[in-house]
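>>> Any chance you can model this:
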Amino acid sequence: MGFGYSEDMIKLVEQELDDLREEAAMNNVECTTVIKRAEQVHDAIIDEAQSNKIDIIIMGRCGMTGLKKFIMGSVTARVIANAMTNVLVVPKDSELRGESLLVASDGSQFSDCAVDEAIEMASRCPVVKTLTAVSVAADKDGIGKAKDILSNISDKAAAKGVKVETFPLVGPPYKTLVNASLEMGVDMIIMGNYGSTGLASVFLGSVAERVIALSMCAVLVVKGGVN
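You can find the predicted model right below:
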């Protein structure tokens with residue numbers, strides 16, 4: 001919340017959080033709520049996550065149109081760019097079930113972290129019913145590398161007793177991934193953190209940020225592999 005918010009606004013927020021606690025209690029979930037004042041909202045969220053050793057930050061994706069509008073000025077984008085914690089982005093009006101997972105890999109260290117996370121989720125969470133892995137080649141010349149990447153993923157999954165379907169795809173990476181998620185009807189896309197530090201280096205021009213902006217399902221950004 002910005003410093004200019006009135007006491008009336010704080011009362012409205014407190015009421016909303018009270019309602020959230022009641023809903024959580026009805027579902028046997030312990031819920032702690034916090035109201036913070038900060039000039040930079042994303043910094044407050046990240047600080048709260050770090051101080052409480054949070055495993056994952058879950059945020060909504062607002063209904064802005066156009067990729068540039070999503071990237072620039074989005075609190076969610078800034079949290080993803082700067083947090084050391086995994087971030088799950090849930091589009092407005094989407095249903096988060098987590099039964100069908102799609103992990104994307106380009107063979108990089110960032111993708112490896114996402115693959116490891118997806119396999120762990122599939123092995124530990126009884127809700128997960130299917131795990132699919134895709135690797136996108138820009139053209140037909142890269143299909144061999146994509147198949148090698150998926151073969152390695154299959155070996156990793158098998159070592160954990162996890163069944164994974166693999167699909168080497170060809171096309172523009174972000175469009176191909178979004179289209180695949182729609183055709184397969186997946187509940188969640190899992191991707192690595194592409195970049196080093198700062199909003200520009202992580203988001204501008206990256207496949208991950210375009211998938212987040214355009215996906216109709218939730219996207220989990222796995223943080224790791226950054227030196």
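
>>> Could I get the buried residue list for the helix ranked longest in the chain?
Across the chain, the longest stretch assigned as helix under DSSP state H is helix 7-26. If you call a residue buried by 16 or more other CB atoms under 10 Å, then helix 7-26 has no buried ones at all. Just so you know, the C-beta spots here come from the backbone N, C-alpha and C atoms, and that holds for glycine as well.

>>> Rounded mean pLDDT for it, please.
Across helix 7-26, pLDDT averages out at 90.

>>> Any chance you could give me that helix in CSV, C-alpha atoms only?
C-alpha atoms of helix 7-26 as CSV (Å, rounded to 0.1, in the frame of the first residue of the first chain):
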residue,chain,number,x,y,z
GLU,A,7,-7.6,4.8,7.0
ASP,A,8,-10.8,3.9,5.2
MET,A,9,-8.8,2.0,2.6
ILE,A,10,-6.9,0.1,5.4
LYS,A,11,-10.3,-0.9,6.9
LEU,A,12,-11.4,-2.3,3.6
VAL,A,13,-8.2,-4.2,3.2
GLU,A,14,-8.5,-5.6,6.8
GLN,A,15,-12.0,-6.7,6.0
GLU,A,16,-10.8,-8.5,2.9
LEU,A,17,-8.1,-10.2,4.8
ASP,A,18,-10.5,-11.3,7.5
ASP,A,19,-12.7,-12.9,4.8
LEU,A,20,-9.7,-14.6,3.4
ARG,A,21,-8.8,-16.0,6.9
GLU,A,22,-12.3,-17.3,7.3
GLU,A,23,-12.2,-19.0,3.9
ALA,A,24,-8.9,-20.6,4.7
ALA,A,25,-10.2,-21.9,8.0
MET,A,26,-13.1,-23.5,6.3
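
>>> those strands in this protein, which residues are they?
56-61, 86-91, 100-104, 130-137, 165-170, 188-192, 218-222 (DSSP state E).

>>> burial of residue 169, as a residue count?
Neighbour count of residue 169, defined by other CB atoms under 10 Å: 16.
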